[in-house]
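Participant: With the sequence up front, the predicted model follows.
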Amino acid sequence: MANATDKTDPRILRTRRLLRDAFIALVPEKGFDSVTIQDLTDQATLNRATFYLHYRDKNELLDDVFDALIQDINPLLDASGEQTMHDPYQMVPRIAMMLNHIAAHDDFYRSMLGTQGVSGFAARVQTYIEKVLSAWLNVHNPEETQQKVNAEVAVHYVGSAYLGVISWWLENGKPVSSEHLATQLMHLTALGLHQSLGIPITVQK
């Protein structure tokens, strides 16, 4: 629905920000399925007609909320859109930045990623994580003949693992700091499960 004017008109930007803020405030309280358009417009002190000038339904508003939230944590990739750091542990501050953003909206993310959440939202978060990892892999350009695991499998594995850990972290009240969790995730990513846990392993040829 957006056009060039929508992206610059201060009145439009303000109205959409009010609706996004209302959405983020109400979802943890009522759950996504129970939030109505009337709830959103009451919270934002707008009328229903105004809502429909900007969004078809609350699913389209959810898409806008996700895009706005992602802007808070970009760029996890550098300005050119390509991850240039070759040392994987240099990714730790960027992962911590993402986790700090999630922690700042923890009630909302907990609601959206939990058992009563919206699967499409979780999928978009996972896709974003996979996009970052794919960009990092493209820099390394690993030789297929040296791979024990297909790169696409690895990307989806890590994406789902990170999403699962983030959900656990939120559900348990963030028991460790963002920085500590980012380091733990990078240990698992860079070293694998056995080395991360100090378990000896004999590699099969």
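Facilitator: Okay, I see it.
Participant: what mean pLDDT does stretch 121-130 have?
Facilitator: Stretch 121-130 carries an average pLDDT of 92.
Participant: CA atoms of that stretch as PDB?
Facilitator: What follows is stretch 121-130, C-alpha atoms only, in PDB (Å, rounded to 0.1, in the frame of the first residue of the first chain):
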ATOM      1  CA  PHE A 121       6.500 -13.800  12.400                       C
ATOM      2  CA  ALA A 122       8.900 -16.500  13.700                       C
ATOM      3  CA  ALA A 123       9.700 -17.500  10.100                       C
ATOM      4  CA  ARG A 124      10.600 -13.900   9.200                       C
ATOM      5  CA  VAL A 125      12.900 -13.600  12.200                       C
ATOM      6  CA  GLN A 126      14.600 -16.900  11.200                       C
ATOM      7  CA  THR A 127      14.900 -15.800   7.600                       C
ATOM      8  CA  TYR A 128      16.600 -12.600   8.700                       C
ATOM      9  CA  ILE A 129      19.200 -14.600  10.700                       C
ATOM     10  CA  GLU A 130      19.700 -16.900   7.800                       C
END
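Participant: what comes up buried for it?
Facilitator: For stretch 121-130, burial by neighbour count (16 or more other Cβ atoms under 10 Å) applies to 121-122, 124-126, 128-130. Using the backbone N, CA and C atoms, a C-beta is placed for each residue, glycine as well.
Participant: what's the closest non-adjacent residue to the residue sitting nearest the centre point of the chain?
Facilitator: By Cα atoms, centre = their mean, the mean C-alpha position of the chain lies nearest to Val125, the distance being 3.5 Å. With Cβ to Cβ, 6 or more residues apart in numbering as the criterion, Val125 has its nearest non-adjacent residue at 6.0 Å, and that residue is Leu163.
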